[in-house]
Structure formats: structure tokens, C-alpha cells
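In: Okay, predicted coordinates and the sequence, questions at the end:
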Protein chains: 4
Amino acid sequence: MGGFHFSTDVRVRFAETDAQGVAHNSNYLVWFEIARIAYLEEFAGGYPALRETGLESFVLESHVSYRLPAHFDDRLKIHARVGELRGARFRFEYEVTRAGEPIADGWTSHACVDAKTLRPTRIPQALADAIARAESSSAASSAKSSSASSSLSS
Amino acid sequence: MGGFHFSTDVRVRFAETDAQGVAHNSNYLVWFEIARIAYLEEFAGGYPALRETGLESFVLESHVSYRLPAHFDDRLKIHARVGELRGARFRFEYEVTRAGEPIADGWTSHACVDAKTLRPTRIPQALADAIARAESSSAASSAKSSSASSSLSS
Amino acid sequence: MGGFHFSTDVRVRFAETDAQGVAHNSNYLVWFEIARIAYLEEFAGGYPALRETGLESFVLESHVSYRLPAHFDDRLKIHARVGELRGARFRFEYEVTRAGEPIADGWTSHACVDAKTLRPTRIPQALADAIARAESSSAASSAKSSSASSSLSS
Amino acid sequence: MGGFHFSTDVRVRFAETDAQGVAHNSNYLVWFEIARIAYLEEFAGGYPALRETGLESFVLESHVSYRLPAHFDDRLKIHARVGELRGARFRFEYEVTRAGEPIADGWTSHACVDAKTLRPTRIPQALADAIARAESSSAASSAKSSSASSSLSS
């Protein structure tokens, strides 16, 4: 896929493997979520900040393409970017790489809702602007990566 | 979606909920797998039997559409059918219902491989025939459902 | 251990296995919880009813002894009983059997708290009485078991 | 507890929370395992190296004491040490801290077995020695901590 400016590190846990000896297919959605949350923290004040504005978001759809299996202790990079953001909806795209090689990709789509009424609510302009800046900075900056435990200033 | 002749029962576990108070999005892939395995047991001698023939299968893609959230202790039916079966590939389709109402749907695609060489291998004719019979029996029979702990004769 | 009058059925999910080919050790705590919730539903109006009284409960300790591994698709019975109930605290004991053979056991201890203040709160007398009746009925009745999807009259 | 010379970092995943808004009690066993594997990697050539010698290990018992709940995005340190090592058995002890405050502790006991025969097998002397050195270095060195993604020289 390419074109990602953000990634977060995940190491395959033993508890995430299954009796086929590979990471179970459901874990990719957990890893996507980790990357999504780290992305929002990096560029948009974070998911907790979003919730404090009285908004909540729900996953509408998820998709994963598994190209090569991941194994116990593999060090993976989960690349993430916002592929689309319109009104109350946004879509994240992901690529999972191991030693630079893509082993999976996917996307999730989301709706932003009012936390009390659960009605679809326009994504706050400040968040939309922050994401637009993050995604347009690709030409100017080289790819950055953030480990799960460190924070990067953008 | 409709047109499903098989379903299996799942009850949302407390451990499957998240801090939004709903079943976490990754669990749907676990539920799809439970239904897939129950389907194969029902119509095709079971997944263990498949493995005994020296075959293994891998998930190539997964897709979930979340329409309504599921909550702790919800009793769900996971409907499953084989939507396509060609050469070494097959595709399962799913619908999740609660009290008859669809709350999610999705599909997974799979490759059948030789367990030793991991090379794509044609699905055994007996399995393909059993599935074809299962799916074509729709006109003749009304929808059946199987609980996780009981077995149905078809 | 013996002396259990309640059990619930669990079938080992493929997603619960790990690369050693056995059910991962963390799942036993999930199965214990399933049995605990089913027990409360059976004998005490259920966990949702408990929460409606403004109470919440937290796990204080957990313990598991693994005697024999569990494998994919194993049909297990999770036996549960209340071993102690005093003031704001209670303790559940469990035994996991497969075809009648014990393969694991354990216990969890819990505190009952006010859902708002989180202060320890005496277990409601009606609940304590219901549990006492359930546990004392052992002499009179033979062991009962309940599948996850059916309800038993006590 | 104190007296730990090793720790690894874990950040509470959203998928690890439950409808009570806290990390589900079963995840602590997963975190203990992450710390155990990181410990073996740090001091003993790693779990993969252990398996290459034809040995396998199984969890015999697990115990967790939950003192304070952990929440989404909490940065936790999972401290680990070998508390006992005798013949074919060893025991790990753990403490979970958040910003220096202990929020949980526990232990797991293990048996070392021959991977083929599954018979109990004495822990290799080199591994026992490496662990003895690691645990006795406490007087000389101050506590070290290792992030999941960095490696420490001992």
C-alpha cells in the first residue's frame, strides 16, 4: 500500500497464537485498534480527549487481508492512516509489516456519535484539521514511527 | 441476507465486552469461526476430519459489518453458509441475529493447503459434495439451527 | 473436589488454543466467570439483577490449578459453588471436568461494593439466603448440570 | 513485595477492558506471561532457545491478587523474578505497578518437560545458573527495567 506516515510496534504475544502455530486472525483487529488509538494520540489529542468532548465513536465495518502468517514473538509494525473523513464518518487504513515486508493489510470505518444520544455527530473541525495536517505532511517529512511506549512530538 | 440453513448459538461473555459496554469488534471473528467449525462438523465430517486428511486451511480475508451493538449476556445466533467453493478456495458468509433481528454480518475467505507443504490444494470432492448438498437443501427444508452443544442429523 | 451441584458447559474454541496446541492458561478465568454468572442466574436472580440493586462486585483474587491440558473442541463442564460468603465478601470454587475426569480446579474471591461509592457493601440477605439454599440442597438432590443455553428450575 | 530486578512495560489495550470499565481479570495472566518470556529472553537465552533444547514448559498453577483496578491506556510495569527453581519445577513471582504503585501481584508455577515424551525433565544447568546469577545480582545493581521493544545487556 505505502504512503503511511505513522506506525506503532506490536510484538506477537504467546497468548495470541493458536493451535496452527500462528497469530489468530481476530488479533489483527486488536492490533488495528492499538494503531488507531496511538494515531489519535499522536495527531489529535488522543481518544480520551475525544471522549471528553462528549463524543464517542463506533466501528461500522472491519476488513483484514492476511497475506503471510505472523508467529510468536514476531516484531510487527502496524502502519495506520486516515483514508477518508466526511461528516460523521471516518475510515482508517492499515498495513502490517515484519522487517519491512507487508504481511497483512486492512481498514475499518467508523461513525462519530454523541455519547449521550448516540446520534451521528460531525467530527469536530479541530480534529479534522489535525488529521488533514498529519496526512498532508507526507511530502515534507520522512516516515515516522512511534513505539507503543514512547511519545513522539509531531 | 437470509437464505441460511445453519446457525449456532453464542451468548456474549462478560470477558468479551469492552469499556464501551458492548461486545468488542474483534469477537465477531471468533464467533464466525465457531459457526464455521460447527458447520463443518454438521455437514462435512468436521474440521478434525479435514485435518486428518493432511489438509489445513488458512483465513485469507475477513470482513465484518456491525449494524447494532451486542451486549453482555445477549443470546445471538451466528448463521453460516458456504457462499463459494472453487479449487483450493472457499468462502463463508455469516449473519448474526438477536431475537430474529440482524445485528451484524460478514464473510471470510479461505485457502485449503497441504498441511506439510502449505501449497494450495484442491478441496476434497467428498467435502465439496457434502457442502453442495447442504446448501442446495434449502428449497426442501426449513431453516434449522443447532445449539453449540447438540448435534443435528441433516 | 466433588460436592458441586451446579455446572455449565463450555466447548474449547479454536481461538482459545495457543501454539502449544492446548487451551491457553488465561481462558480458565474466563470459563470460571461464565460458570459464576450462570450460577448467579440459576440461584440468585442473576448478575443483571444484582447490578440493578446498585451493587457491583470485583474480583479480589483468582487461583487456577492446571492438571491436564484442554484441547480444541473439548467439551468441558465448569462446576461452580459458593465456598464462603461473609459480609461483603464471597468466594467461588470451581472444578473443570472432561468426560467426568477433573482436569483443573480453582477459586476466585470477590468483594461486593456499592456501584457509586465503590465502598464494600454487605451482600443482600435475599442473595445470601438463595445461595445458602442452593448449597444446602446437596443432601437432598443429586448433582444437576445446566447447559449454557438452557435454564434449570432448582 | 519489592526485590524485583526485572520488569517489562505493558499498556492496557482497549480490547482488554470490560463493561465494568477496567482491565478484565484474565488479562493479568497474559501480562505475567509477557513478563516471563521477556525475563527468559533477558537472562536465559530466551524461550525459543529453551524449546530448541527439546524442552517445553507447562503452567501448573496461577495466582493473582487484584488490589486496584487497571484502566484503558494505563502504563503498567510487570515486574518478574524466579522465586524458586528445583529439579523440573520453577516458580515465577510478579508485581504489577502503575506509576510506582503496586496494583496487583501473583505467581505462576511451571514444570519443565521433554517436548516429545512430556515427562518431567530437570531444568538445564546453564539455565538454572543464568537465573541464579540474575537473581543474586540484586545487591550489586539497582533495579533495571526493560521495555518490550528494547533489549538490555545484563
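Out: Sure thing, it's come through. None of the values given here were measured: they were computed from a predicted structure.
In: My read is that A:Lys77 contacts A:Ser7, right?
Out: Yes: A:Lys77 lies in contact with A:Ser7 (CB atoms under 8 Å); the separation is 4.4 Å. In this view, the C-beta of every residue, glycine as well, is placed from N, C-alpha and C.
In: quick one: which of those two has more around it?
Out: More neighbours surround A:Ser7 than the other of A:Lys77 and A:Ser7, with 24 against 19 (other CB atoms under 10 Å in any protein chain shown).
In: Now do that one, the pLDDT please.
Out: Each residue has a pLDDT score; the one for A:Ser7 is 97.
In: Please look at it and A:Tyr39 and confirm they touch.
Out: No: between A:Ser7 and A:Tyr39 there is no contact under CB under 8 Å: 9.2 Å.
In: Quick check: neighbours shared by the two?
Out: A:Ala80 (CB atoms under 8 Å, 6 or more residues apart in numbering or on different chains).
In: so where's chain A uncertain?
Out: A:1-2, A:137-154 (pLDDT under 70).
In: Quick check: residues of it near chain D?
Out: A:9, A:11, A:13-15, A:30, A:33-34, A:37, A:47-48, A:73, A:75, A:147-149 (CB under 8 Å from any CB of the partner chain).
In: For the residue lying farthest from the centre of chain A, which three-state class applies?
Out: No residue in chain A sits farther from the centre than A:Ala19, which is 27.3 Å out by CA atoms, centre = their mean. Recorded secondary structure, A:Ala19: coil (DSSP: H, G, I helix; E, B strand; the rest coil).
In: Who's the closest spatial neighbour of it, skipping the chain neighbours?
Out: Closest residue in space to A:Ala19, ignoring its immediate chain neighbours: C:Thr17 at 3.8 Å, by CB to CB, 6 or more residues apart in numbering or on different chains.
In: got it, and A:Arg51?
Out: A:Ala115 (7.0 Å).
In: My read is that the one you found contacts A:Phe58, right?
Out: No: between A:Ala115 and A:Phe58 there is no contact under CB under 8 Å: 10.7 Å.
In: packing partners for the longest strand seen in chain A?
Out: Longest strand in chain A, counting residues (DSSP state E): strand A:101-114. On a contact count with 3 or more CB pairs under 8 Å, 6 or more residues apart in numbering or on different chains; DSSP states H and E, strand A:101-114 meets helix A:27-44, strand A:55-66, strand A:89-98.
In: Try it again at 6 Å.
Out: strand A:55-66, strand A:89-98 (3 or more CB pairs under 6 Å, 6 or more residues apart in numbering or on different chains; DSSP states H and E).
In: Tell me which residues are up against it.
Out: By CB atoms under 6 Å, 6 or more residues apart in numbering or on different chains, the surrounding residues in contact with strand A:101-114 are A:1, A:28, A:32, A:55-68, A:88-96, A:120-121, A:123.
In: residue closest to the middle of chain A?
Out: Nearest to chain A centroid, counting by CA atoms, centre = their mean: A:Arg36, 2.5 Å.
In: Neighbours of the residue nearest to that one when sequence neighbours are not counted, how many?
Out: Of all residues not flanking A:Arg36 in the chain, A:Phe92 sits nearest, at 5.2 Å (CB to CB, 6+ apart). For A:Phe92, the count of nearby residues is 23 (other CB under 10 Å).
In: need the contact list for A:Phe92.
Out: A:Arg36, A:Ala80, A:Val82, A:Thr108.
In: what's across from the closest residue to the last one other than its chain neighbours in the sheet?
Out: Translated: A:Thr108. With CB to CB, 6+ apart as the criterion, A:Thr108 has its nearest non-adjacent residue at 4.8 Å, and that residue is A:Ser62. Taking DSSP bridges as the rule, A:Ser62 bridges to A:Thr108, B:Val64.
In: tell me which residues in the longest strand of chain A are buried?
Out: For strand A:101-114, burial by neighbour count (16 or more other CB atoms under 10 Å in any protein chain shown) applies to A:Pro102, A:Ile103, A:Ala104, A:Asp105, A:Gly106, A:Trp107, A:Thr108, A:Ser109, A:His110, A:Ala111, A:Cys112, A:Val113.
In: Widest-spaced pair of the contacts of A:Phe92?
Out: With CB to CB as the measure, no two of the contacts of A:Phe92 lie farther apart than A:Val82 and A:Thr108, at 10.8 Å.
In: Next, the contact list for A:Val96, please.
Out: A:Leu76, A:Ile78, A:Ile103, A:Ala104 are the contacts of A:Val96 under CB under 6 Å, 6+ apart.
In: B:Glu135: which of those residues is nearest?
Out: A:Ala104 (29.6 Å).
In: Name the nearest residue to that closest one, ignoring sequence neighbours.
Out: Closest to A:Ala104 by CB to CB, 6+ apart is A:Val96, at 4.1 Å.
In: Okay, and the beta partners of A:Val10?
Out: Those that pair with A:Val10 in a beta bridge, by DSSP bridges, are A:Leu76.
In: wait, the residue farthest from the centre of chain A sits on C:Glu16?
Out: No: using CB atoms under 6 Å, A:Ala19 is not in contact with C:Glu16; the gap is 9.3 Å.
In: ok, back up a step: which of the residues of chain A next to chain D are buried?
Out: A:Asp9, A:Arg11, A:Arg13, A:Phe14, A:Ala15, A:Val30, A:Glu33, A:Ile34, A:Ile37, A:Tyr47, A:Ser147, A:Ala148.
In: near chain B, which residues of chain A?
Out: By CB under 6 Å from any CB of the partner chain, the residues of chain A that approach chain B are A:Asn25, A:Ser26, A:Leu29, A:Val30, A:Val59, A:Leu60, A:Glu61, A:Ser62, A:His63, A:Val64, A:Ser65, A:Tyr66.
In: residues in contact with the fifth one?
Out: In this case it means A:Val59. So A:Val59 contacts A:Thr108, A:His110, B:Asn25, B:Tyr66 (CB under 6 Å, 6+ apart).
In: cool, A:Glu33 as well?
Out: D:Phe14.
In: Give me the distance between it and A:His110.
Out: A:Glu33 sits 11 Å away from A:His110, going by CB to CB, to the nearest Å.
In: try A:Ala99
Out: The separation that A:Ala99 has from A:His110, given CB to CB, amounts to 30 Å.
In: and what of A:Glu41?
Out: 16 Å.
In: One more: A:Glu56?
Out: Taking CB to CB, one finds A:Glu56 at 10 Å from A:His110.
In: Which neighbouring elements make contact with whichever strand or helix holds A:Leu50?
Out: If you go by DSSP states H and E, A:Leu50 is part of helix A:46-52. Counting contacts by 3+ CB pairs under 6 Å, 6+ apart, helix A:46-52 packs against helix A:27-44.
In: quick one: the helix it packs on to strand A:55-66, angle?
Out: Angle of helix A:27-44 versus strand A:55-66, following axes from the mean of the first three to the mean of the last three CA atoms, to 10 degrees, is 130 degrees.
In: chain center to helix A:27-44: distance?
Out: 4 Å (CA atoms, centre = their mean, to the nearest Å).
In: and that helix with strand A:101-114, angle?
Out: Using the same axes, to 10 degrees: helix A:27-44 against strand A:101-114 is 70 degrees.
In: buried set for helix A:27-44?
Out: A:27-44.
In: near chain C, which residues of chain A show up?
Out: Going by CB under 6 Å from any CB, the residues of chain A near chain C are A:Ala15, A:Thr17, A:Asp18, A:Ala19, A:Gly21, A:His24, A:Phe72.
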